[in-house]
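1. For reference, the sequence and a predicted model appear below.
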Amino acid sequence: MDTKMNASGIVDIRSNHSVDATVEKLKSILEAKAVTLFALVDHSGEAARVGIEMRPTKLIIFGSPKAGTPLMLASASIAIDLPLKILVWEDESGQTWISYNTPEYLRDRHNIPAELMANIAVIETLASTAAE
């Protein structure tokens, strides 16, 4: 699996599927794990509605109050980054990518205690599984 991380704490994982298929796979995984899908933002679809062409780009916003609330109680500022988000997008060569903020980036940004890291670390497994 092709994975890269940039300096701003974002990981990009190459998906073996189209944007739509990757999004559907993510939605199925979330449903199976009883994780709430709060929103699906179709950036490229909205761009098309106003006459602007954009490669397929969709943002999935998801989470669990049971996991997120303790994080917000420990550090209120993390609420700006919760619920968790995964961006699924297509590059100029037609390759689909899954992007997300690393748990370590969120930890450092919001001073999250080590014992609460498991609450957000699930994003790594979710993204990797969806990319397969």
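-> Yes, it's here. Numbering: from 1, shown residues only.
2. The residue nearest the centre of the chain is in what secondary structure piece?
-> Note on the chain: the residue nearest the mean C-alpha position is residue 86, at 1.6 Å, using Cα atoms, centre = their mean. Assessed by DSSP states H and E, residue 86 sits inside strand 84-90.
3. Contacts only, for residue 43.
-> Residues near residue 43 by Cβ atoms under 8 Å, 6 or more residues apart in numbering: 54, 57, 58, 59. C-betas here are computed from N, CA, C, even on glycine.
4. Could you check how far the residue nearest to the centre of the chain is from residue 50?
-> In this view, residue 86 and residue 50 are 24 Å apart by Cβ to Cβ, to the nearest Å.
5. So which other helices or strands are in contact with the host helix or strand of residue 119?
-> Assigned by DSSP H and E, residue 119 belongs to helix 118-131. For helix 118-131, the packing partners by 3 or more Cβ pairs under 8 Å, 6 or more residues apart in numbering; DSSP states H and E come out as strand 10-14, helix 19-32, helix 65-74, strand 84-90, strand 96-101, helix 103-110.
6. and the fourth one, how far out from the chain's middle?
-> Looking back up the chat, that one is strand 84-90. 5 Å (Cα atoms, centre = their mean, to the nearest Å).
7. The chain should start at 36 in everything you say after this.
-> With 36 as the first residue, the last one maps to strand 119-125.
8. Please work out which residues outside that strand touch it.
-> In contact with strand 119-125 (Cβ under 8 Å, 6+ apart) are residues 50, 53-54, 57-58, 61, 90-98, 131-136, 155, 158, 161-162, 165.
9. Can you say which of those are buried?
-> 50, 54, 57-58, 61, 91-95, 97-98, 131-136, 155, 158, 161-162, 165 (16 or more other Cβ atoms under 10 Å).
10. what about the closest residue to residue 83 other than its chain neighbours, neighbour count?
-> Counting by Cβ to Cβ, 6 or more residues apart in numbering, residue 89 is the residue found nearest to residue 83 once chain neighbours are left out, at 7.2 Å. Residues near residue 89, counting by other Cβ atoms under 10 Å, number 13.
11. can you pull the contacts of residue 89?
-> Residue 89 neighbours (Cβ under 8 Å, 6+ apart): 78, 79, 82, 83.
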